[in-house]
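> sequence and computational prediction follow.
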Amino acid sequence: MTIPQGSSFCIDLHCHSTASDGTLSPRELVQRAGEMGVSHLALTDHDTIDGLAEARQYAQMEGLTLINGVELSCVWNRQTIHVVGLDFDHRSSRFLEVLAEQHENRWRRARKIAERLARKDPEPLLSLATAKAGGDVPGRPHFARALIDQGVVSDMNQAFNRHLGAGKPGDVKAFWPELATVVRWIVEAGGVAVLAHPRKYKMTATKLRGLVGDFKQAGGRAIEVSTSGQQSGDLGFLAELCRREGMWASQGSDFHFPGASWCELGRMDKLPEGLDPVWQHFRQRLLTEQSAPA
Ligand code: MN
Ligand code: MN
Ligand code: MN
């Protein structure tokens, strides 16, 4: 993890707020980004842009440039993949529609889990789990806590071992769209589709190249080359992949909450030389090292 040296520009194109699974509100997140010296920030909450308006308002006050962002879940070869969308038109009505669909997909899954675990009357379990999720769509950990409250199990381990873990009735797969579909949504809204944290999928190099090939074919333009928590060697590997495939390079911390030593806003390895940074291709021309007057 390095801090950009000798530069007044610090670009972080991947982070989360309370609009999805982050712990800071968009306002707190932007303020923290300002404290960390971030000059250009994209808030990329999971499958929602609900935090953008508040983030934009406080970014202006902090003197920070906010770039529209989102992180969409999808499937490729039966595996869940994350695609970050950047610099899209947040007023696109079609884009707002598909985001609402993504949200509904989360609820469909939650209802299915409740139905599987409480056949006769799923409603009480679903509403208890929803309360555990703070009113948002519950996931399996929230169902686990609800089952504990209901006295069905005594702890989280039991909840997963008996009801929610792999192969158990509550192990319901998410209903995500195909990779090509979410890439199309982003492109149609005028944005750039970025393959998020490629090393997190634990794929072989061959499989990852297959993913990048299909992603490119679908209209994806960039790869996240630098993100938090990468193993040594990942940066060079991804930079090489990026160059070979002729993709643009992105960077982002994937920050969710303060206090983790491995992850902080604006703190990630510098992009290796010879890559084409994604921000050079945004519709809004950013004032960065390359374009700033000397
Ligand atoms: Mn997350
Ligand atoms: Mn992700
Ligand atoms: Mn993320």
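Perfect, I can see it now. Residues are numbered from 1 along each chain as shown. Ligands and ions are numbered 1, 2, ... in the order given.

> in this structure, what residue is nearest ligand 2?
Closest to ligand 2 within the chain is residue 82: 3.7 Å, counting by C-beta to the ion. Quick note: C-beta positions are derived from backbone N, CA and C, even for glycine.

> just say helix, strand or coil for that residue.
In three-state terms, and counting by DSSP: H, G, I helix; E, B strand; the rest coil, residue 82 is strand.

> wait, it sits on residue 71?
Yes: Residue 82 lies in contact with residue 71 (C-beta atoms under 8 Å); the separation is 5.4 Å.

> if we can go back for a sec, show the model's pLDDT score for the residue of the chain closest to ligand 2.
Predicted confidence (pLDDT) for residue 82: 97.

> now it: closest residue in space that isn't a chain neighbour?
residue 196 (4.0 Å; C-beta to C-beta, 6 or more residues apart in numbering).

> quick check: the one you found vs ligand 3, distance?
As for residue 196, its distance to ligand 3 is 6 Å (criterion: C-beta to the ion, to the nearest Å).

> so which residue is dead centre in this structure?
For the chain, residue 71 is the residue whose C-alpha lies nearest the centre (C-alpha atoms, centre = their mean; 3.6 Å).

> what's the local residue count around the spatially closest residue to residue 22 that is not a sequence neighbour?
Spatial nearest neighbour of residue 22, chain neighbours left out: residue 16 (3.4 Å); criterion: C-beta to C-beta, 6+ apart. Neighbour count for residue 16, taken as other C-beta atoms under 10 Å: 24.

> residue 226 too?
23.

> what do you get for residue 17?
By other C-beta under 10 Å, neighbour count at residue 17 equals 26.

> one more: the one 4 residues further on?
In terms of burial, residue 21 registers 13 neighbours under the definition other C-beta under 10 Å.

> report how many residues lie close to the residue nearest to residue 82.
Counted with other C-beta under 10 Å, residue 196 comes out at 24.

> rewinding a little: now do the residue of the chain closest to ligand 2 against residue 16, distance only.
Noted for residue 82: a distance of 11 Å to residue 16, by C-beta to C-beta, to the nearest Å.

> now the common contact residues for these two.
Common neighbours of residue 82 and residue 16 (criterion: C-beta atoms under 8 Å, 6 or more residues apart in numbering): residue 71.

> need the contact list for the nearest residue to residue 88 once chain neighbours are set aside.
Once flanking residues are discounted, residue 88 sits nearest to residue 191: 2.8 Å by C-beta to C-beta, 6+ apart. Residues in contact with residue 191 (C-beta under 8 Å, 6+ apart) are 68, 85-89.

> the residue nearest to residue 82 and residue 81, how far apart?
Applying C-beta to C-beta to residue 196 and residue 81 gives a distance of 8 Å.

> what of residue 20?
Residue 20 is 17 Å from residue 81, by C-beta to C-beta.

> and these two? which has more neighbours close in?
Ranked by neighbour count (other C-beta under 10 Å), residue 20 and residue 81 place residue 81 first, with 24 against 18.

> tell me the bridge partners for whichever residue of the stretch 1-150 of the chain sits closest to ligand 3.
Relative to ligand 3, the nearest point of the stretch 1-150 of the chain is residue 71 (4.8 Å; C-beta to the ion). For residue 71, the beta-bridge partners are residue 46, residue 84 (DSSP bridges).

> still on that earlier bit, compute the distance between the residue of the chain closest to ligand 2 and residue 170, please.
23 Å.
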